[in-house]
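**Student:** Next one to model:
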Amino acid sequence: MHSIASVRGLSSGLASLVLASALLGAGCASMTPAELDRQVTVSSQAPLYEYRRIGVEPVNCEGPICRGINGADVMRNLQRSLTDACYEVVDDTQFRQYYETFVGASPLGLFDWALGESGMTSPGAFKFNVLDPMAQQVIIDELGLDAMLKATLVVGEPSEYTNFRPTSIDYQLIDARRKNVLWHARLDGQIMDDKDATQTLVYMTNELAGAINRKANSCGEPQKSLTTEQVIQVSQGILDLPDRIYFELGSATISTRSYALLDDLALWFSQNPTVKLVRIEGHTDDVGDDNSNMTLSDQRAQSVHAYLAGKGVDPLRIEPLGFGETRPLVANDNPANRSKNRRVEFRVVN
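**Tutor:** Just a heads-up that it's a prediction; the model follows:
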């Protein structure tokens, strides 16, 4: 990987020679797109439209010069490349916000001035991977994450004969629930000069991003949709949906993630004309003021009512009603159970 600072002050001829050597030594800069694409392995069992919304943990850096690397630059580059590939990225800022809201106060060591064990500088990074499994799952459920992206940088010692440091960037997209790897991307290169480590890693990220965009790109995939009425069933008078209805944190604004599901629900109403009335029931957990919870649950039910009516469902067939914290599914005794109690249900009345 080339280093701009390392060729400053040299004659143009010598600079060109050094630059050419660096490019050859990097092992990635001279790759063709087809060669780069081979660095990305996509599971044949992974329909990418099911994994659009992904959580990105802070990059973990391993090696002797990690503290000299600007982790924020690498993260921004990574997130931009994923967005270009039509993934909806959720970063550690949102992890922190949802953790503090739904799990509890921040324990010691959860936030740091470092990304990863060796410490790329980036203030206030949220260390999602140190949470206990229940807290991780609550955040995954509340944010509606399909998958988690783990990114690792490994920077080695200089070789015996040159200042080149062997370097690798490794990405794994992992199903948020089944934990299987959906796609894996890795690129090896070399850092020629410690002073330009960040620039080199950003360059490598760009190269690998191009391969991800070509090989693991979800832009051409269909949007998540149910398409058949059989997917929505009635169980004990309640519509059994394949996913929950998501809202923006602490508000009645429906998350764009739930639009496809609500569109399918509107289709279900058109395909089931004998169903005369369904009550849209909003529920919360027991955290916070009782009256505020009642108001929020009612407003969320009203939002769903308005959305379905806007999609052609007869407003008289759907009745919005908030119950606040009065009808929990399970005891509100831990974050996972409180997550289950925050919900919108559709009850067939007639």
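**Student:** any idea which helix or strand of the chain has the worst average confidence?
**Tutor:** Ranked by mean pLDDT, DSSP states H and E, the weakest helix or strand in the chain is helix 12-26, scoring a mean of 34.
**Student:** what's the helix or strand for residue 96?
**Tutor:** helix 92-102 (DSSP states H and E).
**Student:** Centre of the chain to stretch 289-306, how far?
**Tutor:** 27 Å (Cα atoms, centre = their mean, to the nearest Å).
**Student:** Check which helices and strands the helix holding residue 96 sits against.
**Tutor:** strand 120-126, helix 133-143, helix 335-341 (3 or more Cβ pairs under 8 Å, 6 or more residues apart in numbering; DSSP states H and E). Glycine gets a C-beta too; all of them are placed from N, C-alpha and C.
**Student:** Could I get the ones you listed in a markdown table, plus columns for mean pLDDT and distance to residue 83?
**Tutor:** Output for the helices and strands packed on helix 92-102, formatted as a markdown table (pLDDT from 0 to 100; distance: least, Cβ to Cβ, whole Å):
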| stretch | mean pLDDT | distance to residue 83 |
| --- | --- | --- |
| strand 120-126 | 55 | 19 |
| helix 133-143 | 87 | 16 |
| helix 335-341 | 90 | 27 |
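**Student:** Let me have those in a markdown table, extended by mean neighbour count and distance to residue 180.
**Tutor:** Converted to a markdown table, the helices and strands packed on helix 92-102 look like this (neighbours: other Cβ atoms under 10 Å; distance: least, Cβ to Cβ, whole Å):
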| stretch | mean neighbour count | distance to residue 180 |
| --- | --- | --- |
| strand 120-126 | 20 | 24 |
| helix 133-143 | 19 | 15 |
| helix 335-341 | 19 | 22 |
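**Student:** Residue 161 is nearest to which of these?
**Tutor:** Smallest distance to residue 161 across these (Cβ to Cβ): 27.6 Å, for strand 120-126.
**Student:** Could you give me the buried positions within the helix holding residue 96?
**Tutor:** By 16 or more other Cβ atoms under 10 Å, the buried positions in helix 92-102 come out as 92, 94, 95, 96, 98, 99, 102.
**Student:** what angle sits between it and helix 133-143?
**Tutor:** Counting by axes from the mean of the first three to the mean of the last three Cα atoms, to 10 degrees, helix 92-102 points 110 degrees away from the direction of helix 133-143.
**Student:** could you give the mean pLDDT of helix 92-102?
**Tutor:** If you average the pLDDT over helix 92-102, you get 83.
**Student:** hmm, back to that, for the helix or strand following the least confident helix or strand of the chain, which outside residues touch it?
**Tutor:** Next in sequence after helix 12-26, counting helices and strands by DSSP H and E, comes helix 33-37. For helix 33-37, the surrounding residues in contact (Cβ atoms under 8 Å, 6 or more residues apart in numbering) are 28, 187, 207, 208, 210, 211, 214, 215.
**Student:** what does stretch 215-225 give?
**Tutor:** Contacts for stretch 215-225 (Cβ under 8 Å, 6+ apart): 37, 40, 42, 47-52, 85-87, 173, 183, 185, 260-261, 263-264.
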